[in-house]
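Chemist: Provided below for reference: sequence and predicted model.
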Amino acid sequence: MQEIFNIFIKSIFIDNMIFAYFLGMCSYLAVSKTVKTSVGLGAAVIFVLGITVPVDYMLNEYILKAGALAWLDASFADVDLSFLSFIMFIAIIASMVQLVEMIVEKFSPSLYSSLGIFLPLIAVNCAILGGSLFMQEREYQSLAQATSFGIGSGVGWFLAIVGIAAIREKIRYSDVPAPLRGLGITFIITGLMGIAFMSFLGIKL
């Protein structure tokens, strides 16, 4: 249980998808103009990562990696389908994003309209695929660990986009130099937030 909690905290603060790896920056920059849309997209990313990472873990453990098909028959023990990881992971992600899109459109048409094209673009958000590839690379030992990492990564991305959106709403009323208005000051603030998150590297987990 302690290990699962450690993975969750680490994926939020230390291995943050935005501030540690700069994954998902396109959606992060484009949708973070208001807190409302940022919360909606962040919640969708948590949902997608929380489902796709454990599903991809099961897929990797029981079908794709070398020897994974041994449960079928001993003759399959030498089969290695890991070369299919990219296409299979993306297929799972696209399916989950389609589900999220239908749910948001059904229950919150205003949020669906606000997010626009960026909701279906979660399917090609590199933070989502990055979550599954990091899970595969780190070889988590259980489904619970993979799920904890997926949800934690989503929460970390959520905190990043909501944080920058709140700051961007405030600096609209600040005297920002003309050349830095818009994306310029956003990049600077993102860099400063990344440096701030580096302070969590001292946590011993």
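Modeler: Structure received.

Chemist: buried set for the helix-or-strand element of the chain with minimal mean pLDDT?
Modeler: Lowest by mean pLDDT, DSSP states H and E among the helices and strands of the chain is helix 109-115, with a mean of 81. By 16 or more other Cβ atoms under 10 Å, the buried positions in helix 109-115 come out as 111-112, 114-115. All C-beta atoms are positioned from the backbone trio N, CA, C, and that covers glycine.

Chemist: got the CA positions of the following helix or strand past it in CSV?
Modeler: With elements assigned by DSSP states H and E, the helix or strand that comes after helix 109-115 is helix 126-138. Provided in CSV are the C-alpha atoms of helix 126-138 (Å, rounded to 0.1, in the frame of the first residue of the first chain):
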residue,chain,number,x,y,z
CYS,A,126,1.4,13.0,-25.8
ALA,A,127,0.8,13.0,-22.1
ILE,A,128,-1.8,10.3,-22.5
LEU,A,129,0.5,8.0,-24.6
GLY,A,130,3.4,9.0,-22.5
GLY,A,131,1.6,7.6,-19.4
SER,A,132,1.2,4.2,-21.0
LEU,A,133,4.8,4.2,-22.3
PHE,A,134,6.3,5.2,-19.0
MET,A,135,4.2,2.5,-17.3
GLN,A,136,5.6,-0.1,-19.8
GLU,A,137,9.2,1.2,-19.3
ARG,A,138,9.0,1.2,-15.5
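
Chemist: same question for helix 126-138, mean pLDDT?
Modeler: Across helix 126-138, pLDDT averages out at 93.

Chemist: now the helix or strand following that helix: average pLDDT?
Modeler: Following helix 126-138 in sequence order, the next helix or strand is helix 143-171 (DSSP H and E). For helix 143-171, mean pLDDT is 95.

Chemist: tell me the SS of the residue lying closest to residue 126 once chain neighbours are set aside?
Modeler: Of all residues not flanking residue 126 in the chain, residue 23 sits nearest, at 4.7 Å (Cβ to Cβ, 6 or more residues apart in numbering). When classified by DSSP: H, G, I helix; E, B strand; the rest coil, residue 23 comes out as coil.

Chemist: let me know the pLDDT of residue 23.
Modeler: For residue 23, the model assigns a pLDDT of 92.
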